[in-house]
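Enquirer: Sequence and predicted structure below; questions after.
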Amino acid sequence: MARGEIELVTLTKEFADVTAVDGINLDVPAGEFFSLLGPSGCGKTTTLRMIAGFEQPTSGQILLDGTDVAYTPPHQRSVNTVFQNYALFPHLNVFDNIAFGLRRTKRPKDEVKQRVGEALELVQLGGYEKRKSSQLSGGQQQRVALARALVLNPAVLLLDEPLGALDAKLRKALQIELKALQQEVGITFLYVTHDQEEALTMSDRLAVMNGGQIEQIGAPRDVYEDPETLFVADFLGVSNLMDAQVVSAAADGCRVAVDGFELETRGSDTAVMGAAKIVVRPERVELEEHGAPEGPNRLPGMVERLVYVGSAVQIMVRAATGETLQALVQNTGAAIPFDQGTPVQLHLPADALRVLPAPAD
Amino acid sequence: MYRRWLWPSFAFPGILWLIVLFVVPFYAVLAVALGSVDPVTLLKPVPAWNPIDWNVGWIVEVLHRLAPGGSFYGVAIRTLEYVAASLALSLLIGYPVAYYVARHAGRWKGILLVLIVLPLWISYMMRMLAWVNLLQPEGYVNRFLTFTHVLSRPHDWLGGHSSTVVFALVYGYIPYFILPLFASLDRIDRSHLEAARDLGASPWSAFRHVTLPLSKTGILGGSVLITLPMFGDYYTPNIVSPTPTTSMIGNQIDLYFHGGPQPTIGAAITILLAVFLTGLMAYYMWTIHRAQRAVGAVGAV
Amino acid sequence: MAENRRAAQFSPLTRARGWLRNPWGRPRFLVVVTWAYVLWSIVPVLIAVQFSFNATRSRTIWQGFSTRWYWGDPVDSVWHDPTLRHALVQSFKLAGADVIVAVPIGVLLALGLARWHGRGAGTSNFIMLFPLVTPEIVMGVSLLLIFTQVFTIVGTGTFAQLLGHVTFSISYVVVIVRGRLFSIGRQYEEAAADLGASPAVALTRVLLPLLTPAIVASAAVVFAISADDFVISSWLSSGGGTDTVPIRIYSATRAAPLPSVNAIATIMMIVTLLSVTLGFLTWRAFTRDERGQKTDDLGALGL
């Protein structure tokens, strides 16, 4: 029997002056690491809180393994939450915090002790039973919060930006740990974050939300490389947008005109007509020497600026069409032959270009 | 979270208590003030519970007495003068103290904070008693002043002087003024002042144009906190200056309930006092509201 | 340093003036005014306490240390004078009973008001705040009238005084507890519910333990304001046996009091200060674990 499948059906939450969640539909199969990604105010946290039970939806359904729990009180749902600021009970020590949920179910003392011990081992905090939460570091508190939720074997674990309060290095380490943990435990993780890198790293699939609606759902690779809307393209990574006009369309791609230059795209987005936007990722932009042999999808340009970011170099190039595009060149140790102010030739490979409908003005 | 009747039911006992023992008694004062007196004894009040039976006669009578020329006029004016003087002195003394403790006290801040909060927990009567002892003809104040030749002979401080009453009022109420003022001064962000100094303002100018406006809500809060109760004060004049020439409006209320009881008149004065104070309160709230809006973008205090 | 050596060559008066005039030092004028205020505020009370230990009947001329006014004097000491003893007992009785009645009602009211969002919430909040801004004489008048004209079964006396004390104490409890509720936020109750606790369990196992410092602090505050109350107690008093310590002090200062008045005032003051200190220390002890966040000084005071 599938355990931990979430289905949201036209879920809506309206507050007095704003619609936080606008009729979204979502299907998360059991055992998946699923992220809700979006800027603040997009409705992702409100969605999470409705699944947890802290907010009642205005309309719609929340199906947990087929049962609508939208109006079930939170203490009766087999869903547990890791809060953004952990919400560890200050008056209880680590053991009592983790045992809290178990004790509600009147389990025998030995079982409680055993399960708490196992949960602590799972999050690598064995031996910390007697500590108070104020004596723990941020990362340790987060792990206790995790253990507290997981010890109850919920069908679904909800995580509300749990790594937000930690510094960058710790965050990276915990991202890997969380992913490994999810695969080990095997339950559905529903993860809310505004950090796109985090969502791309950890998720099996993710949904990008904006203004209460879902813009796109898909695996990280699909959402990153094949954005369906301008917002998604812009929110994940750097996007390099250019205005364009669709000239002609064929089965496997189309030709677009960008300020006098014609580019070929080879993708599945052939439905767009008329005014459009072209998206290309910086790491796919190829730079060639000025005067290199011409070919399709090439534009002349001038290097404006180079920015060293450690593992790579960002090169801002002003294309002949007027836009400034960013190219990303990995730091392989070799010298970069393009200085500030030198002319270059931009190569935008056809299969790296995406055509998106221009926003209605 | 989801049971609508749960939390309101918690509030029920408290609200019921306050309605029965606070709101209803208020109404009783109204009913007595707007009622009539027993025609036989002319003393026992006959409260008018039904608004239809309300009789403004006694209110009008008291208003007459409060008007210039009436028997309450002098007391009313005197009360206003005492409160105004006490407020002014409290501001004069209290602002520097609050300012110093909030902004410049450094390592003394904790101790000073305890010391300025301490009087709030010492019984008001105790503090008045202390001064009554000191202001006796043979008390320390007279002895010190004659010793230093400021006075040629002992002064009768407690014999009925307005200055003594104002002094006692200031002494009694000033801690309640300093505390909210301290709170608002303490909350002013250092960076506002540093920015002002950085842009060329002198210390005095920075104070006038940054600190003072931002502490306005504190000043208003402190003013409300001391003037409202002060208007009803009768025990302070009675302790330090028990003569009719230095009595306050509260003494009149006290008189009409405990002297030769005419509760209806006492109730009428009380109602008028309450109306006056409500008006004052409304004015304060309006001023605070305006001050907060003006400061809003800079940082609510 | 060189500056100190040079300073030492000048007379104390010159040095004092120099200290006062230093433009780079902390504002000297403010320092002087502040400490002068503190002394003016506290020293008179200390003198009054001192005179409670005076060997003679004088409140103004010190003639030696004695505890006669506390228990020594067989007629006029606090221990032996029945009116003073009764006043002390009455004050403690009222304060204690006030705490027992007002704190539970106030805690419930705070919880109810903080979480109530429906109709009537605003009005109820207003009703709760009003006693805090009402002058005591107005409350005294209204209670006296209601107990003599309407609820005549109450009349004046100890029961009436208790009802009056509770009425003005409830609002203090609500403000203190509500402040604490606000700083705790909803997170712990949500976490408890998330982990399977019903609302009743969340309340008793999570919320109330976290509210303990506020409850204790409000108990201490209620005790203190009840013990110090004069106006309500005197308006609802039915004479001698129901007089409290502040009433005794008041009537004594208008007559020719003995240092035994100083003594009884000192006793009350010490008990009140102990109660407040206890409340404050309990608050600090309980919130020790939470003090990772920055609090301003008033927050640390528990205000």
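Expert: Arrived safely, thanks for sending. Numbers count the residues shown, from 1 in each chain, chains lettered A, B, ... in the order given.

Enquirer: The stretch 201-350 of chain A: strands as residue ranges?
Expert: With DSSP state E, counting those that start in this stretch as the criterion, the stretch 201-350 of chain A has strands at A:205-210, A:213-218, A:241-250, A:253-258, A:261-265, A:275-279, A:286-289, A:298-308, A:312-319, A:324-330, A:343-347.

Enquirer: Of those strands, give the one that comes closest to residue B:170.
Expert: Proximity to residue B:170 (C-beta to C-beta) singles out strand A:205-210 among these, at 61.2 Å. C-beta here means a position set from N, CA and C on the backbone, and glycine is covered the same way.

Enquirer: helices and strands around the closest one, which ones?
Expert: Identification of packing neighbours for strand A:205-210 by 3 or more C-beta pairs under 8 Å, 6 or more residues apart in numbering or on different chains; DSSP states H and E yields strand A:19-28, strand A:33-37, strand A:213-218, helix A:220-225, helix A:230-235.

Enquirer: I'd like to know which of those lies nearest to chain C.
Expert: strand A:19-28 (16.9 Å; C-beta to the nearest C-beta).

Enquirer: where does the chain dip in pLDDT?
Expert: Just going to use chain A. For chain A, the stretches with pLDDT under 70 are A:1-2, A:251, A:267-270, A:360-361.

Enquirer: try chain C instead
Expert: Residues of chain C meeting the criterion pLDDT under 70: C:1-11, C:14-26, C:289-303.

Enquirer: Residue of it closest to chain A, please.
Expert: Per C-beta to the nearest C-beta, residue C:195 is where chain C lies closest to chain A, at 3.5 Å.

Enquirer: is it true that that residue touches residue A:105?
Expert: No. Residue C:195 is beyond contact range of residue A:105, at 10.0 Å (criterion: C-beta atoms under 8 Å).

Enquirer: quick one: average pLDDT of stretch B:183-202?
Expert: Averaged across stretch B:183-202, pLDDT comes to 84.

Enquirer: first to last residue in that stretch, what's the distance?
Expert: Stretch B:183-202 has an end-to-end distance of 24 Å (C-alpha to C-alpha, to the nearest Å).

Enquirer: in chain B, which spans are strands?
Expert: For chain B, the strands defined by DSSP state E occupy B:36-37, B:45-46.

Enquirer: Among these, show me which one is buried the most.
Expert: strand B:45-46 (a mean of 19; mean count of other C-beta atoms under 10 Å in any protein chain shown).

Enquirer: Who are the packing partners of that one?
Expert: With contacts taken as 3+ C-beta pairs under 8 Å, 6+ apart, strand B:45-46 sits against strand B:36-37, helix B:263-295.

Enquirer: Adding distance to residue B:23 as columns, could you present the strands of chain B in TSV?
Expert: Converted to TSV, the strands of chain B look like this (distance: least, C-beta to C-beta, whole Å):
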stretch	distance to residue B:23
strand B:36-37	23
strand B:45-46	20
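
Enquirer: With mean pLDDT added, can I get those in a markdown table?
Expert: Below are these laid out as a markdown table (pLDDT from 0 to 100):
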| stretch | mean pLDDT |
| --- | --- |
| strand B:36-37 | 80 |
| strand B:45-46 | 79 |
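
Enquirer: Please, which helix or strand holds the spatially closest residue to residue B:132 that is not a sequence neighbour?
Expert: Closest residue to residue B:132 apart from its sequence neighbours, by C-beta to C-beta, 6 or more residues apart in numbering or on different chains: residue C:253 at 4.8 Å. Assigned by DSSP states H and E, residue C:253 belongs to helix C:245-254.

Enquirer: what's in contact with that helix?
Expert: Applying C-beta atoms under 8 Å, 6 or more residues apart in numbering or on different chains, the external contacts of helix C:245-254 come out as B:123-126, B:128-129, B:132, B:235, B:238-239, B:242, C:83-84, C:87-88, C:90-91, C:227-230, C:233-234, C:237, C:243, C:258, C:261, C:264-265, C:268.

Enquirer: just stretch C:282-289 next, same as before
Expert: A:90-91, A:132-134, C:212-214, C:216-217, C:220, C:300, C:302.

Enquirer: Cool, thanks, talk later.
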